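Participant: Predicted model, plus sequence, below.
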There are 2 protein chains.
Amino acid sequence: MAATVSLLSRQGYEATAVKQITTEAAAPMGSFYFHFPGGKEELALAALAQGAEGVDALLRGTLARASAPEDGLADCALALADALTRSNWLDGCPVAATALESIGRSPALRAAAAEAFDRWIVTLQRHLTAAGVADEPARSLAVTALALLEGAEMLARVRGSAEPLHDAAAALRVLARGVVPTEH
Amino acid sequence: MAATVSLLSRQGYEATAVKQITTEAAAPMGSFYFHFPGGKEELALAALAQGAEGVDALLRGTLARASAPEDGLADCALALADALTRSNWLDGCPVAATALESIGRSPALRAAAAEAFDRWIVTLQRHLTAAGVADEPARSLAVTALALLEGAEMLARVRGSAEPLHDAAAALRVLARGVVPTEH
DNA sequence: GTCTATAACCCGATAGAC
DNA sequence: GTCTATCGGGTTATAGAC
């Protein structure tokens, strides 16, 4: 299962063969279809849900540890850069590749991807409202922040450089300072 | 060829069969391998290059038509939203899906995707330097803008809503105003 | 140069013995 | 519940007639 999350993150849904998954998990093909009668798609749905939880935990942890509320979003970009560097740019967002592939092909996968994105947006938005930002600018900035994180991560992985995520962190700091009320 | 660009944009590299391409182009399988001895991958490389040119033309046209230099980046987000809505969220970035699939699998495709992204970044950066922004903040903002455009487009397609691209446009306006010198 | 027919292979999924 | 052996179909790519 963790193997599936990683494979979907690295190569997407279409390029990932069921056989590759069962091999990596040291499980035989046959019993796989006992646990996942819905086949490959059902497994992918479960993997997307698990991947969504993993990313959400990373975001929540990073936001909670932020030295100042207005730096939380930027810290998320830096946390992604760190995780990516450690995996040699292989383990990216566990949802992105599958999301793009699913748009015109699998309504179920597309919905699962949308749900994952929504969950992360809510997490980011809550961080902002907790810092005193009103609901509406908070939601808009949360959507923008997630888009920027996803896009910067894609650029970083394709180029093999953390630069886009560092640039994104700087931009997120600017955007957050525009809406988060300062204490003094 | 144009068919290939569209198919890569809609479903990525792995999900696109050579047969689907030749069928859509009303060409027989056999002669395809005469024109593309490198097979599917060589065709995809050509399609990525053509897709890169198409997007670059859209960006250049939008930036040239911008009412004010500091609105150029935001206009790009709105142009993408417009094109996406017209295709029912199907025809997105012709590079993104293939880029994510290729990272751990095909160095040639990954390099082609990186080249496309670089080209767009240069186009965005030139718009900023032409508006009087210094090289370094211009490059950093161009990278951030492309990341935001790509991420927002992915979110918009997955959710079937232009909202993320509108939010991105607003953010790009804020970021551009922070670095583009005003006239008066 | 163009196209058909097919090879060689891999895919997801299943039947059926255990 | 577990696993092996296999099915039917779709994949890329090619051989060979035209």
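Facilitator: Yep, it's here.
Participant: contacts and neighbour counts: CA atoms only from here.
Facilitator: Will do.
Participant: Distance from stretch A:155-170 to the middle of the chain?
Facilitator: With CA atoms, centre = their mean, to the nearest Å as the basis, the distance from the averaged C-alpha position of stretch A:155-170 to the chain average is 15 Å.
Participant: now for the longest helix seen in chain A, which elements pack on it?
Facilitator: Within chain A, and with DSSP state H defining each element, the longest helix by residue count is helix A:39-65. For helix A:39-65, the helices and strands in contact under the criterion 3 or more CA pairs under 8 Å, 6 or more residues apart in numbering or on different chains; DSSP states H and E are helix A:2-11, helix A:72-86, helix A:107-130.
Participant: right, is stretch A:15-24 up against chain B?
Facilitator: Yes. Applying CA under 8 Å from any CA of the partner chain, one finds stretch A:15-24 touching chain B at A:A15.
Participant: Please apply the same query to stretch A:177-184.
Facilitator: No. Remark: stretch A:177-184 sits outside contact range of chain B, by CA under 8 Å from any CA, the gap being at least 8.9 Å.
Participant: and that stretch, what's its mean pLDDT?
Facilitator: Averaging pLDDT along stretch A:177-184 yields 86.
Participant: in it, what's buried?
Facilitator: A:V179, A:V180 (16 or more other CA atoms under 10 Å in any protein chain shown).
Participant: Kindly report the same for stretch A:134-152.
Facilitator: Neighbour-count burial for stretch A:134-152, with 16+ other CA under 10 Å as criterion, is recorded at A:138-152.
Participant: Within reach of DNA strand D, which of those residues are there?
Facilitator: Here nothing survives when the buried residues of stretch A:134-152 are matched to DNA strand D using CA under 7 Å from any atom of the strand.
Participant: and those near chain B, which?
Facilitator: With respect to chain B, and counting by CA under 8 Å from any CA, the subset of these in contact is A:S140, A:L141, A:V143, A:T144, A:L146, A:A147, A:L148, A:L149, A:E150, A:G151, A:A152.
Participant: got a markdown table for those residues, with pLDDT, secondary structure and distance to A:A74 too?
Facilitator: Rendered in a markdown table, the data for those read as follows (pLDDT from 0 to 100; DSSP: H, G, I helix; E, B strand; the rest coil; distance: CA to CA, whole Å):
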| residue | pLDDT | secondary structure | distance to A:A74 |
| --- | --- | --- | --- |
| A:S140 | 98 | helix | 16 |
| A:L141 | 98 | helix | 12 |
| A:V143 | 98 | helix | 14 |
| A:T144 | 98 | helix | 12 |
| A:L146 | 99 | helix | 11 |
| A:A147 | 99 | helix | 13 |
| A:L148 | 99 | helix | 11 |
| A:L149 | 99 | helix | 9 |
| A:E150 | 98 | helix | 13 |
| A:G151 | 99 | helix | 14 |
| A:A152 | 98 | helix | 12 |
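Participant: Among those, which one sits closest to DNA strand C?
Facilitator: In terms of CA to the nearest atom of the strand, no member of those lies closer to DNA strand C than A:E150, at 25.7 Å.
Participant: got the helices and strands packed on helix A:39-65 as JSON lines, with distance to B:L90 columns?
Facilitator: Rendered in JSON lines, the data for the helices and strands packed on helix A:39-65 read as follows (distance: least, CA to CA, whole Å):
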{"stretch": "helix A:2-11", "distance to B:L90": "21"}
{"stretch": "helix A:72-86", "distance to B:L90": "28"}
{"stretch": "helix A:107-130", "distance to B:L90": "12"}
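Participant: can you tell which of the ones you listed is closest to chain B?
Facilitator: Taking CA to the nearest CA, helix A:2-11 is the member of the helices and strands packed on helix A:39-65 nearest to chain B, at 4.6 Å.
Participant: close to DNA strand C, is stretch A:31-39?
Facilitator: Yes. Interface with DNA strand C: stretch A:31-39 contributes A:Y33, A:P37, A:G38, A:G39 (CA under 7 Å from any atom of the strand).
Participant: so what secondary structure elements neighbour the helix or strand bottoming out on mean pLDDT in chain A?
Facilitator: Using mean pLDDT, DSSP states H and E, the weakest-scoring helix or strand in chain A turns out to be helix A:29-35, at a mean of 91. Under the contact criterion of 3+ CA pairs under 8 Å, 6+ apart, helix A:29-35 touches helix A:18-24.
Participant: so how far does stretch A:95-108 reach from one end to the other?
Facilitator: Criterion CA to CA, to the nearest Å; first-to-last residue distance in stretch A:95-108 is 13 Å.
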